[in-house]
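Visitor: predicted model and sequence below, questions to follow.
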Amino acid sequence: MMIKKAFKYIRIMLNPVAFEKDRAKLQASVEKKDRQIEKKDRQIEKKDRKIEVLQGEVEKKDRQIEALLSVAKPTRSISPYILSERFQADGKPNIELNALQVEIKNQIDIKVKQGVYSFEKVLCCICGGHDFETLSEKDRYGLYAPAVICVDCGLVQTNPRMSQEAYQQFYEIEYSKLYRGVDNPHDYHFDKLYNRGRSIYSYIAQSLGTQLNQSRILEVGCSSGGILQYLKEKGNQVCGCDLNPETVGFGRDRYGLELQVGTVYDVILSWKPDVVIYSHTLEHILNPLEELEEVRSIMAEDAILYIELPGIKYIFKQYDFDLLSYLQNAHAYYFTLTTLKNLLRKAGFDFIHGDEFIRSIFRAAVEPQQNARIENDYGAVMEFLGILEYTWQETMGRREERSVFQV
Ligand SMILES: [Zn+2]
């Protein structure tokens, strides 16, 4: 080793050109290393920046999760608007209204302001509770109609709500025009109901394995009677009642249906119904527990009760994934299958079949069940609504923001 180094030294001493060459080589090698180090440094910096970006994304995701949790598990002390501030009573409609609907909406607003339509606070009709959280102060038309959820059973309801007298006038004068946006909707509506009659017929056939053909059927809130017309054509004896004399008159005159003006308390029947239908009716009734008890008392033994209504856990495409588009002042209640079952159990009915759409079948229980167990659906409803609102904010809400910028 020593000898090798000594030879090298001697060679350099003897040959300065070779020395210079070696020195240059060494220098080049050092510079190359330096460049490599610089390159590595740049790579490290680049990686650092990537890490920063990723950290930012993680933080953003964390914030999104936090937001999601905060809407899913709201704290009452933070804000009375549990879902978001767009649910405030600012009078703005959430859906497009035509000229007739705007006129009717303004007319109702004036009546509310002047106290012609008075409001009342009520206890929860299922559990008797009085602890409510506000979900929204207005409905889709922008009308004052607070939607609240009962903390003790999860029933979503309008509270305070218009008094019985106010609702009566509202149904007589404004409801149909506001809801359908046309002055004379009978023909169109009858066809829609007729088709619904077909779907009820097949739902019952599929669920119970029996076809309705020699049954005696009562429909409460039958409107012009389209559903009953379909069932009559299937060989059943039918009768309906509805509060609206105009629609009842239409079904009677045009189709010869046995329709009566009034509620289930007023209806006169010479037979006991085997089937009672509430199709998009029960959610309008202010005291559903009392009414269902009455229904139970007039039904034949082993009769079934069919209830269909827009379930709050089924707010998807048809309402643009938006709770606000689903809310309407005419609805006193917004049921889930669980809260509906709670109500029916209390009214003395056993659950047979149902889904969150909601379509459901019940049968009168042997004994009334006033002290029936109540399953609290609060957590599940709030979780569903929290996720729904978060999804809406991230999709539809963003789209609206963008369209504002484009304007
Ligand atoms: Zn309750």
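Guide: Nice, I can see it.

Visitor: tell me the SS of Leu218?
Guide: Classification of Leu218 by DSSP: H, G, I helix; E, B strand; the rest coil places it in strand.

Visitor: from Phe351, how far off is it?
Guide: According to Cβ to Cβ, to the nearest Å, Leu218 and Phe351 sit 20 Å apart. No exception for glycine: its C-beta is placed from N, CA and C like everyone else's.

Visitor: higher neighbour count, those two?
Guide: In this view Leu218 and Phe351 are compared by other Cβ atoms under 10 Å, and Leu218 has more residues nearby, 26 against 15.

Visitor: nearest residue to that one in space, ignoring adjacent ones along the chain?
Guide: Pro273 (4.0 Å; Cβ to Cβ, 6 or more residues apart in numbering).

Visitor: also Glu165?
Guide: Ser118 (7.7 Å).

Visitor: tell me who's in contact with the one you found.
Guide: Counting by Cβ atoms under 8 Å, 6 or more residues apart in numbering, Ser118 makes contact with 162-163, 165-166.

Visitor: tell me where the stretch 251-400 of the chain has strands.
Guide: 259-261, 275-279, 304-308, 333-334, 349-354, 359-364 (DSSP state E, counting those that start in this stretch).

Visitor: now render the ones you listed as TSV, adding distance to the ion.
Guide: Converted to TSV, these look like this (distance: least, Cβ to the ion, whole Å):
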stretch	distance to the ion
strand 259-261	33
strand 275-279	20
strand 304-308	18
strand 333-334	11
strand 349-354	18
strand 359-364	19
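
Visitor: can you lay out those as CSV showing mean pLDDT?
Guide: Formatted as CSV, the strands of the stretch 251-400 of the chain follow (pLDDT from 0 to 100):
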stretch, mean pLDDT
strand 259-261, 96
strand 275-279, 98
strand 304-308, 98
strand 333-334, 98
strand 349-354, 97
strand 359-364, 97
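
Visitor: would you reformat these as a markdown table and include distance to Tyr319?
Guide: As requested, the strands of the stretch 251-400 of the chain are exported to a markdown table (distance: least, Cβ to Cβ, whole Å):
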| stretch | distance to Tyr319 |
| --- | --- |
| strand 259-261 | 30 |
| strand 275-279 | 19 |
| strand 304-308 | 16 |
| strand 333-334 | 12 |
| strand 349-354 | 20 |
| strand 359-364 | 17 |
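
Visitor: the ion versus the residue nearest to Glu165, what's the distance?
Guide: Look at Ser118 and the ion: by Cβ to the ion, to the nearest Å, they are 23 Å apart.

Visitor: and the pLDDT for Met2?
Guide: Looking at Met2, its pLDDT is 58.

Visitor: so Ala145 sits in a helix?
Guide: No - assessed with three-state DSSP, Ala145 is strand; it does not lie in a helix.

Visitor: where do the domain boundaries of this protein fall?
Guide: The record assigns the chain these domain ranges, following automatic domain parsing: 2-72, 91-178, 186-399.

Visitor: could you dump those domains to TSV with distance to Glu85?
Guide: TSV is the format used below for those (distance: least, Cβ to Cβ, whole Å):
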stretch	distance to Glu85
domain 2-72	12
domain 91-178	10
domain 186-399	11
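
Visitor: A strand includes Asn94, no?
Guide: No - applying three-state DSSP, one finds Asn94 to be coil, outside a strand.

Visitor: who's in contact with it?
Guide: Asn94 neighbours (Cβ under 8 Å, 6+ apart): 86, 138, 140-142, 322, 324-325.

Visitor: please name the nearest non-neighbouring residue to Cys153.
Guide: In this structure, Cys153 finds its nearest non-sequential neighbour in Cys127, 4.1 Å apart by Cβ to Cβ, 6+ apart.

Visitor: once you drop chain neighbours, what's closest to Tyr306?
Guide: Excluding its sequence neighbours, the residue lying closest to Tyr306 (Cβ to Cβ, 6+ apart) is Ile277, at 4.9 Å.

Visitor: low pLDDT regions in this protein?
Guide: In the predicted model, the chain carries pLDDT under 70 at residues 1-14, 16, 18, 62, 64-82, 184-185, 399-407.

Visitor: which bits of it sit near the ion?
Guide: 124, 126-127, 129, 150, 152-153, 155 (Cβ under 5 Å from the ion).

Visitor: top of the residues you listed by neighbour count?
Guide: Within these, most neighbours by other Cβ under 10 Å means Leu155, with 30 neighbours.

Visitor: tell me who's in contact with that one.
Guide: Leu155 neighbours (Cβ under 8 Å, 6+ apart): 124-127, 149, 333, 335, 339, 342-343, 377.

Visitor: want to try CSV for those residues, with distance to Gln214 as columns?
Guide: Shown next, in CSV, are the contacts of Leu155 (distance: Cβ to Cβ, whole Å):
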residue, distance to Gln214
Cys124, 40
Cys125, 35
Ile126, 35
Cys127, 40
Ile149, 43
Tyr333, 33
Phe335, 31
Thr339, 34
Asn342, 33
Leu343, 30
Asp377, 38
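
Visitor: now the buried members of these.
Guide: 124-127, 149, 333, 335, 339, 342-343, 377 (16 or more other Cβ atoms under 10 Å).

Visitor: for those, which one is nearest Gly181?
Guide: Closest approach to Gly181 among the buried ones among the contacts of Leu155 (Cβ to Cβ): Tyr333, at 23.8 Å.

Visitor: burial check on the residue of the stretch 251-400 of the chain found nearest the ion, number of neighbours?
Guide: The minimum distance from the stretch 251-400 of the chain to the ion, using Cβ to the ion, falls at Ile374 (7.4 Å). Ile374 has 22 neighbours, counted by other Cβ under 10 Å.
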